[in-house]
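Colleague: Sharing a model that was predicted from the sequence below.
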Amino acid sequence: MAKGRLLAVLAVLAGVAGFAWMSIYGLHNDPRELPSALLDKPFPEFSQPMLGEPERLLTRKDLLGKPALVNVWATWCPTCRAEHAYFNKLAASGVPIYGINYKDDEAKAKKWLHDLKDPYVLNISDPRGALGMNLGVYGAPETFIIDSEGVIRFKYVGAVDDWVWKEKMAPVYEGLLKP
């Protein structure tokens, strides 16, 4: 009987310790920095139509050559709208950005880019979310930094703004520009 009680007490203590560890661990992690199994791995292979030019198929090779951002966006996403002006600013400063229009209506997406300006070098149409699924996308917006070989070096979930760029993303991006 005493052995059973001891095991029960130890099980409760282990549960409390595990809960405390998870609580402390969770308090120190930014939910926008979701871990990605693809970090330091090549951007997934794909063959998707270009937004607005469905006869033109884009592939992973279209993203290669220099470090760049890959932004997953959609017109139904209010946070995407909030960050869009900042992407226009980054693009104007010379940062290449590729777009993935995620689970969206093509006509609405084309109008959005016409009305709000198009910061993207190329825009991949992903109406069913297949590429997004291969990237482990949880929703929009999500932004990846890839190196010149197309290897994913960073992932950010949420709106990119001046603080996020300067504090989180620019150091990674600028580090990839150095020979």
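Modeller: In hand now; what should we look at? On a predicted model such as this, the values are computed, not experimentally measured, just so you know.
Colleague: mind giving me the domain ranges of this protein?
Modeller: Residue ranges for the domains of the chain, per automatic domain parsing: 1-30, 47-177.
Colleague: Start and end of the longest one, how far apart?
Modeller: This points to domain 47-177. Its start and end residues considered, domain 47-177 measures 27 Å (Cα to Cα, to the nearest Å).
Colleague: re the thing from before, residue 40 is nearest to which of the domains of the chain?
Modeller: For the domains of the chain, distance to residue 40 was read as Cβ to Cβ. The smallest value, 6.4 Å, belongs to domain 47-177. Every residue, glycine included, has its C-beta placed from N, CA and C.
Colleague: if we can go back for a sec, would you mind putting the domains of the chain into TSV with mean pLDDT and distance to residue 39 alongside?
Modeller: What follows is those, written out as TSV (pLDDT from 0 to 100; distance: least, Cβ to Cβ, whole Å):
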stretch	mean pLDDT	distance to residue 39
domain 1-30	49	15
domain 47-177	97	6
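Colleague: Name the SS class of residue 62, please.
Modeller: Three states are possible here, and by DSSP: H, G, I helix; E, B strand; the rest coil the one that applies to residue 62 is helix.
Colleague: Just the pLDDT for residue 38.
Modeller: Predicted confidence (pLDDT) at residue 38: the value is 85.
Colleague: is the residue nearest to residue 113 when sequence neighbours are not counted in a bridge, and if so with what?
Modeller: Distance criterion Cβ to Cβ, 6 or more residues apart in numbering; nearest residue to residue 113, sequence neighbours excluded, is residue 123 at 7.3 Å. The partner list for residue 123 in beta bridges (DSSP bridges) reads residue 99.
Colleague: Residue 123 and residue 52 touch, don't they?
Modeller: Yes - in terms of Cβ atoms under 8 Å, residue 123 counts as a neighbour of residue 52; the distance is 7.3 Å.
Colleague: So between these two, which is more surrounded?
Modeller: residue 123 (24 against 16; other Cβ atoms under 10 Å).
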